[in-house]
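S.K.: 3D model of this:
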Amino acid sequence: GAALMHDDVGRRMANLAACPSRICLIPPRTPAQRPSPKETAPVTIAPTTPVPAESIRTYARLAGVLGLITVVAGGFGEVYVPDTLIVSGDPRATAQRILGNESLFRLGFASYLLEAVCDATLTMLFWVLVRPVHRNLAMLMVVFRVISTCGFGASQVLHFGALTTLLSDQTTSALQPVQRDAIAYLLLRIAGFGGTLFSTFYGLANVCFGWLVYRSGYIPRVFGVGIILTGGSFAVHTLLLILAPAYASGLLLATAAIAFIPFVTWLLVKGVDDDKVRRAVSGGTGRLIQD
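M.R.: Prediction:
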């Protein structure tokens, strides 16, 4: 038995001596077992195909249509209806106007929903329009616009809650009419402040978008300057509303109509230049910024 064990140890020592790498448990592959070049070829990912100039032109015209719808729906739902129904500093008079014009209140909220749908679609269309300039900055614009739309939508829930409060006799039976009117008025005020607060992100999105428009080469630069000024005005208005409410003039928000309406009208009537877009997409214009 000792002799057999001695022979087995000897064979193992011989194998180790013949294999300096000391990895002899796995036998070497024969040429037939080695992987073929096809199996070891690196995987290649096809580059992203740029959007054709014709598609961008179509998106630009669609953005013009939705932009004008946004102006009309937003002007009715966010300006006309609140100015008609809300009496500043008088909860009772506001409640009477809302209850006496319930259909108008509901129509104003429906107009806001239409504006929100158009605005969400415009976010995608604007991204397609300016992503040849700088994809990452265009995506940052999308993020800011989405935050703004969602935040403003949340504030509008409180706005509609004012009507629900005034109509809910069963749930508010423990409250006096004066208290119920005050709660409804408070919801309207909070909704208005919330919408203004989240307009800061809308302003930042406009700054990004305006800069991309200015650098694009296929959209007139004057629109880019106007959109940047609009974005800055929105941000300044929100800061003033928080830090110095007496100086938060609504005229700062009027710049949106001055810059936005001509821009979307130009997109609808004239649109972008096909040749300039092709050069931009292919990197032909030296002013484009690479990612």
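S.K.: what segments of the stretch 1-150 of the chain are helices?
M.R.: Secondary structure of the stretch 1-150 of the chain (DSSP state H, counting those that start in this stretch): helices at 2-18, 37-40, 53-74, 81-85, 91-100, 102-130, 135-167.
S.K.: tell me the gap between the fourth one and the middle of its chain.
M.R.: When you say that, I think you mean helix 81-85. On the basis of CA atoms, centre = their mean, to the nearest Å, helix 81-85 sits 28 Å off its chain's mean C-alpha point.
S.K.: dump that helix to PDB, restricted to CA.
M.R.: Output in PDB follows, covering the C-alpha atoms of helix 81-85 (Å, rounded to 0.1, in the frame of the first residue of the first chain):
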ATOM      1  CA  VAL A  81     -62.300  82.800 -16.300                       C
ATOM      2  CA  PRO A  82     -60.300  83.600 -13.100                       C
ATOM      3  CA  ASP A  83     -60.600  87.400 -13.700                       C
ATOM      4  CA  THR A  84     -64.300  87.000 -14.300                       C
ATOM      5  CA  LEU A  85     -65.200  84.800 -11.300                       C
END
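S.K.: who does it touch, helix- and strand-wise?
M.R.: helix 91-100, helix 102-130 (3 or more CB pairs under 8 Å, 6 or more residues apart in numbering; DSSP states H and E). All C-beta spots, glycine's among them, are computed from the backbone N, C-alpha and C.
S.K.: count the residues that sit near the nearest residue to Val71 once chain neighbours are set aside.
M.R.: Sequence neighbours aside, Ile261 is the residue nearest to Val71 in space, at 5.9 Å (criterion: CB to CB, 6 or more residues apart in numbering). For Ile261, the neighbour count with other CB atoms under 10 Å is 13.
S.K.: turn the helices and strands packed on helix 81-85 into a markdown table, columns for mean pLDDT.
M.R.: Formatted as a markdown table, the helices and strands packed on helix 81-85 follow (pLDDT from 0 to 100):
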| stretch | mean pLDDT |
| --- | --- |
| helix 91-100 | 94 |
| helix 102-130 | 94 |
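S.K.: of these, which is nearest Ser168?
M.R.: Comparing the helices and strands packed on helix 81-85 by their distance to Ser168 (CB to CB), the top pick is helix 91-100, with 12.2 Å.
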